[in-house]
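Asks: Need coordinates for the following:
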Amino acid sequence: MNLYKMAFNNIRRRKLRSALTMLGIIIGVATIVVLVGITAGATSVVKEETSSLMYDVTISPSLSSGSSLMDNQTASKVESYPKLYNVTEFTGFQETINGNDVTIQGTNNWKQLKLKTGSSGVVVDSGVAEKLGYTVGSKVKIKDQDMTVTGIAKENGENIYVDQSLAKQMADNKVSAITARTYGDPKTVAEDLQNNITGVSAQTKSEKVAEVQDMVNQSMLFASIIASVGLLVGIISVINTMLISVMERTKQLGILKAIGFTNGEIMGSTLFEAGILGFLGAVIGVVIGAVGIFAAANALHFTDYMSEMLPVWLIVTVIVGSTVLSILAGLYPARRASKLNVVEALRDE
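Replies: The predicted structure is shown next:
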């Protein structure tokens, strides 16, 4: 008699109970795959965008200035600062259009903007287009200027993009940020700027990248904790199922021990059954999670990062981890099965 074949038969005979046990594992694994996958995709987006930033410092109005825009006089002082070069202005401001708050964003490089349809000029995020019913050719009025939508961006945000020169003109020749390369150490230059020019705050590229990365890492940790709770519920269900299985098969296990099967073989068979439940649940969970990631990637326009969102290491980790945890969950029931007294087990009804 093959004990491991018998373990498969036990799962097959109790299909409903086995399915309900695996359901907890499936939900936990699928949740882990989706949450970690989406966070990994967001991390890839952040890394790609920050690595392409061609500046050393970002200068913006300080909190003490009481304004989100820098006046033309202050901007001129920054741009003429001797330790800066490759200076680029950015202007962004809030505007209410048809009762909805949107951000008008000045753009210097249209190539960095991913278009879903149309061309550069006056581009609206897909979120704005959906909310306000815009299509290419629609009319939009900003600061008393009538403009025609020329393109729809893939981003599901709430921005309307125009040329930086036009955005600055509409904002009364003010800018919201200035980026630049530096002669010398960026941190030292940033400190000098803040000390010598009133009303500005300077942040280095490395500081900004570290700040964003820290936020992403916290999101990854939070997502993992939430997903792990779901998997824990599944593991508890494995313990419960295996205990019930041992109780129901007490007499059968007594017969096996009476005909010569060792405690180690009995224990191994029970652990094998628990491992199979964990493995099958994890595989199904990964498949469902992959479907969820694909749907999320399409909704968030992360399709270019599918390989980062569903890496091999994540698939292997959740499958192996779920299987190992299920085996560990089966230790107590397996030990209980192996320690059954043969005479008492044979008397069990």
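Asks: so where do the strands sit in the stretch 151-300 of the chain?
Replies: 151-153, 159-163, 177-182, 200-204 (DSSP state E, counting those that start in this stretch).
Asks: since we're on Glu130, how many residues are nearby?
Replies: 12 (other Cβ atoms under 10 Å). For glycine as for every other residue, the C-beta is placed from the backbone atoms N, C-alpha and C.
Asks: quick one: contacts of the helix or strand hosting it?
Replies: Secondary structure assigned from DSSP states H and E places Glu130 in helix 126-132. By Cβ atoms under 8 Å, 6 or more residues apart in numbering, the residues outside helix 126-132 that reach it are 97-98, 100, 102, 116, 124, 134-135, 149, 152-160, 301.
Asks: All the helices of the protein, residue numbers only.
Replies: With helices called from DSSP state H, the chain shows them at 3-13, 15-51, 72-79, 126-132, 164-170, 186-196, 205-248, 250-258, 263-300, 306-309, 312-329, 331-338, 342-347.
Asks: starting at the chain centroid, how far to the fourth one?
Replies: This points to helix 126-132. Helix 126-132 has its C-alpha centroid displaced from the chain centroid by 23 Å (Cα atoms, centre = their mean, to the nearest Å).
Asks: avg pLDDT for it?
Replies: Mean pLDDT, helix 126-132: 89.
Asks: buried residues in it?
Replies: 126, 128-129, 132 (16 or more other Cβ atoms under 10 Å).
Asks: Tabulate these in CSV, adding columns for distance to Thr262.
Replies: Shown next, in CSV, are the buried residues of helix 126-132 (distance: Cβ to Cβ, whole Å):
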residue, distance to Thr262
Ser126, 65
Val128, 70
Ala129, 70
Leu132, 74
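Asks: Specify which member of the residues you listed is nearest to Ala295.
Replies: For the buried residues of helix 126-132, the closest approach to Ala295 (Cβ to Cβ) belongs to Ser126, at 16.3 Å.
Asks: what about the closest one, distance to Leu113?
Replies: The gap separating Ser126 from Leu113 is 12 Å, by Cβ to Cβ, to the nearest Å.
Asks: check contacts around Gly37.
Replies: So Gly37 contacts 289, 292-293, 296, 309-310, 314 (Cβ under 8 Å, 6+ apart).
Asks: What of Lys83?
Replies: 182-184, 189, 192.
Asks: want to throw those residues into JSON lines with distance to Leu20 and neighbour count?
Replies: Below are these laid out as JSON lines (distance: Cβ to Cβ, whole Å; neighbours: other Cβ atoms under 10 Å):
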{"residue": "Thr182", "distance to Leu20": "62", "neighbour count": "23"}
{"residue": "Tyr183", "distance to Leu20": "67", "neighbour count": "11"}
{"residue": "Gly184", "distance to Leu20": "66", "neighbour count": "10"}
{"residue": "Val189", "distance to Leu20": "63", "neighbour count": "22"}
{"residue": "Asp192", "distance to Leu20": "66", "neighbour count": "16"}
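Asks: from those, which is closest to Leu271?
Replies: After measuring these against Leu271 - Cβ to Cβ - the closest member comes out as Thr182, at 61.7 Å.
Asks: Next one: the closest one from Ala202, what distance?
Replies: 10 Å.
Asks: what residues are shared contacts of those two?
Replies: 57, 189.
Asks: contacting residues for Ala153?
Replies: Here Ala153 is in contact with 113-116, 123-126, 159, 161 (Cβ under 8 Å, 6+ apart).
Asks: What is the nearest of those residues to Leu69?
Replies: Nearest member of the contacts of Ala153 to Leu69, counting by Cβ to Cβ, is Asn159, at 16.5 Å.
Asks: That closest one pairs with what?
Replies: Taking DSSP bridges as the rule, Asn159 bridges to Thr103.
Asks: That one: neighbour count?
Replies: Around Asn159 there are 18 residues (other Cβ under 10 Å).
Asks: That one contacts Val102, doesn't it?
Replies: Yes. Judged on Cβ atoms under 8 Å, Asn159 makes contact with Val102 at a distance of 6.7 Å.
Asks: which residues touch Gly92?
Replies: 103-106, 167, 176-177.
Asks: can you do 7 Å?
Replies: 103-106, 176 (Cβ atoms under 7 Å, 6 or more residues apart in numbering).
Asks: what about the nearest residue to Lys143 once chain neighbours are set aside, distance to Gln105?
Replies: Of all residues not flanking Lys143 in the chain, Met170 sits nearest, at 4.3 Å (Cβ to Cβ, 6 or more residues apart in numbering). Separation of Met170 from Gln105 (Cβ to Cβ) stands at 11 Å.
Asks: Which among the helices of the chain is found nearest to Val57?
Replies: Judged by Cβ to Cβ, the one of the helices of the chain that comes nearest to Val57 is helix 186-196, at 5.0 Å.
Asks: Please could you give me each C-alpha atom of the closest one, formatted as CSV?
Replies: What follows is helix 186-196, C-alpha atoms only, in CSV (Å, rounded to 0.1, in the frame of the first residue of the first chain):
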residue,chain,number,x,y,z
PRO,A,186,24.4,69.6,-5.6
LYS,A,187,23.7,69.6,-1.8
THR,A,188,26.1,72.5,-1.3
VAL,A,189,24.6,74.4,-4.1
ALA,A,190,21.1,73.8,-2.8
GLU,A,191,22.0,75.1,0.6
ASP,A,192,23.6,78.2,-0.9
LEU,A,193,20.5,78.9,-3.0
GLN,A,194,18.2,78.7,0.1
ASN,A,195,20.6,81.0,2.0
ASN,A,196,21.0,83.6,-0.7
